[in-house]
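J.: Pasted the sequence and its predicted model underneath.
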Amino acid sequence: MNQMPLQITPADRVNNVQEYYFSVKLKEIARMNANGENVINLGIGSPDLPPSPETIRALTESAARADVHGYQPYVGIPELREEFARWYQKWYGVTLNPADEILPLIGSKEGIMHISLAFLNEGDGVLVPNPGYPTYSSVSRLAGARIYNYALKEENDWFPDFEAIEAADARGEIDLKRVKLMWCNYPNMPTGANATPELFEKLVAFGRKHNIVICHDNPYSFILNDKPLSILSVEGAKEVCIELNSMSKTFNMPGWRIGMVATNARFLQWILRVKSNMDSGMFRPMQLAAVEALKAPASWYEEMTRVYRKRRALATEILEMVGAKVRPNQVGMFLWGKLEKSGSLQGASCVSEAVCDEVLHQAKVFITPGFIFGSEGADYIRISLCCNETMLSEALRRVQGLHENK
């Protein structure tokens, strides 16, 4: 019996996004490793160090109890919201009401989707940094929004040029009246640029002027940075700003998927309406363990800085060896370098892709091409600091060998 082929197609939104670059590349690396090529992965920002002993102890001890395995509140347990509030007060000088201004998340990446679905109607505009975290764009597309990229340039310290955005609006290239959200993140990923209080004041003022919600993604503020800042420290910021934060980087808990969003009570309720229809809360022992992680003393942050500072020195050598210039005073979990020579593209879409593919296939070291973060990153490459000194030293040796054989 001959059957007619099924005529099934995906939703249009699936055709508007591509598989995440790292998802594709990690498959390629897995194939190379299966062939015995032993690739050193300097691409992903997944901390290789463990959480604090207190954090792990809290998880194991609470998980052994019989009364912690049920569904949990959609708003997270009170202990975690209260500890997030204390953490914000202690380290950022920001007062948050744990009852209605903090919402724990299953990772801050989840929050990007929740915020987008809570605020965006189809056709609404979103300001997205270029270069910037690709998820800002992909989630905006899934929400049916119109993306307006705003350029971040090295000569402007990787800060938004607000006058240029307004000039683009005047020329009709951007329609600020349609824009509902503006994404930003400092310390910046991928560029390593740090924020200033003045920058946050300008962002808040821009949001107020144009009736735009400023969404600040803040997972890197404690990495190689002795002055962590929150945009919510600006007077009146809570009225127009939403801030995401995460346990992944600061506390070495990426696989735990614990983050949070902080904003005014009205915005939070809108976000909760979306979130409560998408998950059923986090495992209670993980939340209790996160409470212990947030209590970490200053020595925890100091030790992480010591470790990452040594790694950054090796990463700088690697970038310079492949022909990139590294700007000083970068913060966060990555190192960003500008390629000084264009070289041959060899069929690649841009210089950064060509250089990274060469390093991957000839030196067996994976570094990230800047083009995946937007056109403004096409001449840049990025290294993750989530690899120990032994592996970074080996990566440097391999890249040196590639350089010497040219």
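T.: Received it, and whenever you're ready, just let me know what you need. Numbering: from 1, shown residues only.
J.: contacts for stretch 84-102?
T.: 76, 78, 81-82, 104, 222, 228-230, 232-233, 238, 245, 260-265, 268-269, 294 (CB atoms under 8 Å, 6 or more residues apart in numbering). For every residue, glycine as well, the C-beta is placed using N, CA and C.
J.: Also stretch 298-307?
T.: By CB under 8 Å, 6+ apart, stretch 298-307 touches L49, S52, F222, I223, L224, D226, T250.
J.: And the fourth one, which helix or strand is it part of?
T.: Right, the one you point to is I223. If you go by DSSP states H and E, I223 is not part of any helix or strand.
J.: give me the number of residues near it?
T.: 22 (other CB atoms under 10 Å).
J.: And it, how close does it get to S384?
T.: Distance, I223 to S384, using CB to CB, to the nearest Å: 11 Å.
J.: Between those two, which contacts overlap?
T.: Here I223 and S384 share the contacting residues M333, scored by CB under 8 Å, 6+ apart.
J.: Could you list the low-pLDDT ranges of the chain?
T.: Low-confidence segments of the chain (pLDDT under 70): 1-2, 17, 342-348, 406.
J.: same thing but 50
T.: 343-344 (pLDDT under 50).
J.: quick one, strands of it?
T.: 40-41, 102-105, 125-130, 146-151, 179-184, 213-217, 241-246, 259-262, 324-326, 334-339, 365-366, 368-369, 380-384 (DSSP state E).
J.: May I have the strands that pair with the fifth one, each with its orientation?
T.: This points to strand 179-184. Strands that pair with strand 179-184, judged by DSSP bridges, come out as strand 125-130 (parallel), strand 213-217 (parallel).
J.: Quick one: these as TSV, columns for distance to Q3 and mean neighbour count too.
T.: As requested, those are exported to TSV (distance: least, CB to CB, whole Å; neighbours: other CB atoms under 10 Å):
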stretch	distance to Q3	mean neighbour count
strand 125-130	44	23
strand 213-217	49	24
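J.: can you tell which of those strands is closest to K177?
T.: Across the strands paired with strand 179-184, K177 has its closest neighbour in strand 125-130 (8.3 Å, CB to CB).
J.: Run the angle between the closest one and strand 146-151 for me.
T.: Comparing the axes of strand 125-130 and strand 146-151 via axes from the mean of the first three to the mean of the last three CA atoms, to 10 degrees yields an angle of 30 degrees.
J.: just how off-centre is strand 125-130 within its chain?
T.: Centroid separation between strand 125-130 and its chain, computed with CA atoms, centre = their mean, to the nearest Å, is 15 Å.
J.: before we move on, what about stretch 185-205?
T.: On the basis of CA atoms, centre = their mean, stretch 185-205 is displaced by 14 Å from the centre of the chain it belongs to.
J.: can you check stretch 82-96 too?
T.: Per CA atoms, centre = their mean, the centroid offset for stretch 82-96 relative to its chain is 21 Å.
J.: buried stuff in it?
T.: Neighbour counts over stretch 82-96 (16 or more other CB atoms under 10 Å) mark E82, E83, F84, A85, W87, Y88, W91, Y92, V94, L96 as buried.
J.: Mind putting those into JSON lines with distance to G36?
T.: As requested, the buried residues of stretch 82-96 are arranged in JSON lines below (distance: CB to CB, whole Å):
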{"residue": "E82", "distance to G36": "51"}
{"residue": "E83", "distance to G36": "46"}
{"residue": "F84", "distance to G36": "46"}
{"residue": "A85", "distance to G36": "51"}
{"residue": "W87", "distance to G36": "45"}
{"residue": "Y88", "distance to G36": "48"}
{"residue": "W91", "distance to G36": "46"}
{"residue": "Y92", "distance to G36": "48"}
{"residue": "V94", "distance to G36": "51"}
{"residue": "L96", "distance to G36": "51"}
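J.: The residues you listed in helices, which ones?
T.: Counted as lying in helices by DSSP state H, out of the buried residues of stretch 82-96, are E82, E83, F84, A85, W87, Y88, W91, Y92.
J.: need the contact list for N218.
T.: Per CB under 8 Å, 6+ apart, neighbours of N218: N185, Y186, S230, I231, E243, L244, N245.
J.: my read: L203 touches I165, true?
T.: No: L203 is not in contact with I165 according to CB atoms under 8 Å; the separation is 11.3 Å.
J.: Distance check, M247 against D175.
T.: Taking CB to CB, one finds M247 at 37 Å from D175.
J.: Tell me which of the two has more neighbours.
T.: M247 (27 against 12).
J.: Give me the domain ranges for this structure.
T.: As assigned by automatic domain parsing, the chain contains the domains 12-50+299-404, 67-296.
J.: looking at the ones you listed, which is buried most?
T.: Mean neighbour count (mean count of other CB atoms under 10 Å) peaks for domain 67-296 among the domains of the chain, with a mean of 19.
J.: Nearest approach to P5 belongs to which of the domains of the chain?
T.: P5 sits nearest to domain 12-50+299-404 of all the domains of the chain, at 19.5 Å, using CB to CB.
J.: Go ahead and measure how far the closest one is from the middle of the chain.
T.: Domain 12-50+299-404 sits 16 Å away from the centroid of its parent chain (CA atoms, centre = their mean).
J.: show me the residues around R257 that make contact.
T.: R257 neighbours (CB under 8 Å, 6+ apart): I106, G107, E110, S248, M282.
J.: Can you convert those residues into a markdown table and add a column each for distance to A378?
T.: As requested, the contacts of R257 are exported to a markdown table (distance: CB to CB, whole Å):
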| residue | distance to A378 |
| --- | --- |
| I106 | 33 |
| G107 | 29 |
| E110 | 29 |
| S248 | 27 |
| M282 | 39 |
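J.: what's the closest of those to E154?
T.: Within the contacts of R257, the smallest distance to E154 is 26.9 Å, found for S248 (CB to CB).
J.: what's the closest non-adjacent residue to that closest one?
T.: P254 (4.0 Å; CB to CB, 6 or more residues apart in numbering).
J.: what separates that neighbour from A293, distance-wise?
T.: Counting by CB to CB, the separation of P254 from A293 is 13 Å.
J.: what do you get for R284?
T.: Taking CB to CB, one finds R284 at 15 Å from A293.
J.: Next: I147.
T.: Here I147 is placed at a distance of 35 Å from A293 (CB to CB).
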